[in-house]
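A.B. asks: How does the following fold in three dimensions:
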Amino acid sequence: MDERDVREIPEGGLMGLDREVFDQVWRRVAPQGSPVIEPAPPEGRSPAPQAPGGKSPAPQAPETSPVEAPPVENPGDRRLQELVLVYLTDGSVYRDLARRTRRSVGELQELYRQKLRQAKRLSAAYFLRTGVRYWPREVTPVNPPEGFFPALRERYLAEGRLAGRLETLAVAGGEAALGELYADLAQEARDAARAIRAIVERET
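C.D. replies: Numbers count the residues shown, from 1 in each chain. Below you'll find the predicted structure:
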């Protein structure tokens, strides 16, 4: 190689040359037919991947994991929560009515305790279905401001409506355990309506 072939090599040796300069130098000094040697990448860097044809592959978007949709709450679970509140509210009404009378205190207090037991049964069913214990810490319903007898009449009608609703739920299908529970509660609502009728007959 004569002086004309000597070029200034940047600091770092041949690794500092760009590809074009490296090719020119190699063709002048290499024997005929020698394969072209690719320059080594600088230390600490890896060569970029090449696609067929010498083109770099197109960048790909990073993979993303699918996002799970939030679970849809079962309407049956919401119904159980609602019924727990209904029974606790009704119980507070019977507790209030027991304070307004002397002759029927025992019967009304028993209706109050029965509502609490029924609310606990519904709460237990909710726990068995969902694994969550549902029991409102405080239930402060607005008890009816009307007098004793109008309030009893309202409770008599309400127990009949509740019994009809529970009977519909009992035959609506779904889980057998819930159907049995609703059927029991429907019968107890009918019994509560008869107890209220007896209270009214005795009090009048």
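A.B. asks: sec struct for G174, please.
C.D. replies: coil (DSSP: H, G, I helix; E, B strand; the rest coil).
A.B. asks: Could you do A151 as well?
C.D. replies: A151 - assigned by three-state DSSP - is helix.
A.B. asks: and it, how many neighbours does it have?
C.D. replies: 18 (other C-beta atoms under 10 Å). C-beta: built from backbone N, CA, C; applies to glycine.
A.B. asks: Adjust the sequence numbering to begin at 57 for everything that follows.
C.D. replies: New numbering, starting at 57: the last item is A207.
A.B. asks: Would you mind measuring from it to R177?
C.D. replies: Using C-beta to C-beta, to the nearest Å, we find A207 at a distance of 25 Å from R177.
A.B. asks: Name the helix or strand of this structure that has the lowest mean pLDDT.
C.D. replies: The least trusted helix or strand in the chain, going by mean pLDDT, DSSP states H and E, turns out to be helix 75-85, with a mean of 58.
A.B. asks: Show the subsequent helix or strand relative to that helix.
C.D. replies: Once the chain leaves helix 75-85, the next helix or strand it forms, by DSSP states H and E, is helix 131-154.
A.B. asks: what pLDDT, on average, does that following helix get?
C.D. replies: Across helix 131-154, pLDDT averages out at 93.
A.B. asks: Format the CA atom coordinates belonging to it as PDB.
C.D. replies: The C-alpha trace of helix 131-154 is given here as PDB (Å, rounded to 0.1, in the frame of the first residue of the first chain):
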ATOM      1  CA  PRO A 131     -79.000  -9.200  40.000                       C
ATOM      2  CA  GLY A 132     -79.800 -11.900  42.600                       C
ATOM      3  CA  ASP A 133     -77.000 -10.500  44.800                       C
ATOM      4  CA  ARG A 134     -78.500  -7.000  44.600                       C
ATOM      5  CA  ARG A 135     -81.900  -8.400  45.500                       C
ATOM      6  CA  LEU A 136     -80.600 -10.100  48.600                       C
ATOM      7  CA  GLN A 137     -79.000  -6.800  49.700                       C
ATOM      8  CA  GLU A 138     -82.300  -5.000  49.200                       C
ATOM      9  CA  LEU A 139     -84.300  -7.600  51.100                       C
ATOM     10  CA  VAL A 140     -81.900  -7.400  54.000                       C
ATOM     11  CA  LEU A 141     -82.600  -3.700  54.200                       C
ATOM     12  CA  VAL A 142     -86.300  -4.200  53.800                       C
ATOM     13  CA  TYR A 143     -86.500  -6.700  56.700                       C
ATOM     14  CA  LEU A 144     -84.400  -4.500  59.000                       C
ATOM     15  CA  THR A 145     -86.600  -1.500  58.200                       C
ATOM     16  CA  ASP A 146     -89.800  -3.400  58.800                       C
ATOM     17  CA  GLY A 147     -88.300  -4.700  62.100                       C
ATOM     18  CA  SER A 148     -87.700  -1.100  63.200                       C
ATOM     19  CA  VAL A 149     -91.400  -0.300  62.500                       C
ATOM     20  CA  TYR A 150     -92.600  -3.200  64.700                       C
ATOM     21  CA  ARG A 151     -90.200  -2.000  67.400                       C
ATOM     22  CA  ASP A 152     -91.700   1.400  67.200                       C
ATOM     23  CA  LEU A 153     -95.300   0.100  67.300                       C
ATOM     24  CA  ALA A 154     -94.500  -2.000  70.400                       C
END
